[in-house]
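Undergrad: Sequence plus predicted model, see below.
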Amino acid sequence: MYAVFVTGGKQYRAKPGDQLEIEKLPAAEGDSVEFTDVLLIGEGSNLAVGKPKVAGGKVQAKVLAQGRSDKVSVIKFRRRKTYKRMGTHRQSFTLVEITGITGGPQQATTAE
């Protein structure tokens, strides 16, 4: 069973036991978090699709770590105009492990 949920303006497809890097959450390592903006739950032909959200759908996760991604170069450049600006950016993220999915066609599923 898998679920599609929304957090940080992005959609993620996850099943119990998956580890995901999502947009930074205000949670400490070891905390439990719950996502209620679930768009789809199920597997195969047994799907529950929300309009826009699945009623009663939840995805539970455990925060494993807070981190920052690799450095990305940012360059603004205009040819023949002697204009060049250089910079860098590192995006913060939260590493979570999906522990369970509830709601949808089959009521409860948890990772072993």
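TA: Here it is on my side, so go on. Quick caveat: nothing in here was measured; it's all calculated off a predicted structure.
Undergrad: Pretty sure Ile50 sits against Val38.
TA: Slight slip there: residue 50 is Gly, not Ile. Yes. Using CB atoms under 8 Å, Gly50 is in contact with Val38, at 6.7 Å. From N, CA and C alone the C-beta is placed, and that goes for glycine too.
Undergrad: Overlap of the contact sets of these two?
TA: Contact with both Gly50 and Val38 is made by residues Gly57, according to CB atoms under 8 Å, 6 or more residues apart in numbering.
Undergrad: more neighbours, these two?
TA: Between Gly50 and Val38, counted using other CB atoms under 10 Å, the more crowded position is Val38 (23 against 16).
Undergrad: list the contacts for that one?
TA: Contacts of Val38 (CB under 8 Å, 6+ apart): 3-5, 50, 53-54, 57-59, 103-104.
Undergrad: If we use 10 Å, what do you get?
TA: 3-6, 48, 50, 53-59, 101-104 (CB atoms under 10 Å, 6 or more residues apart in numbering).
Undergrad: Please pick the buried ones from those residues.
TA: In the contacts of Val38, burial by neighbour count holds for 3-5, 48, 50, 53-54, 57-59, 101-104, counting by 16 or more other CB atoms under 10 Å.
Undergrad: From the residues you listed, which shows the smallest pLDDT?
TA: Lowest pLDDT among those: Gly104, with 71.
Undergrad: how far away is that residue from Ala3?
TA: 8 Å (CB to CB, to the nearest Å).
Undergrad: just Gly103 next, same as before
TA: 8 Å.
Undergrad: Could you pull out the residues contacting both of the two?
TA: What both Gly103 and Ala3 touch, as defined by CB under 10 Å, 6+ apart, is the set 38, 41, 48, 54, 57-59, 109.
Undergrad: Put together a markdown table for those residues, with secondary structure on each row.
TA: Putting those into a markdown table (DSSP: H, G, I helix; E, B strand; the rest coil) gives the following:
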| residue | secondary structure |
| --- | --- |
| Val38 | strand |
| Ile41 | strand |
| Ala48 | strand |
| Val54 | coil |
| Gly57 | coil |
| Lys58 | strand |
| Val59 | strand |
| Thr109 | strand |
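Undergrad: Understood, closing this out.
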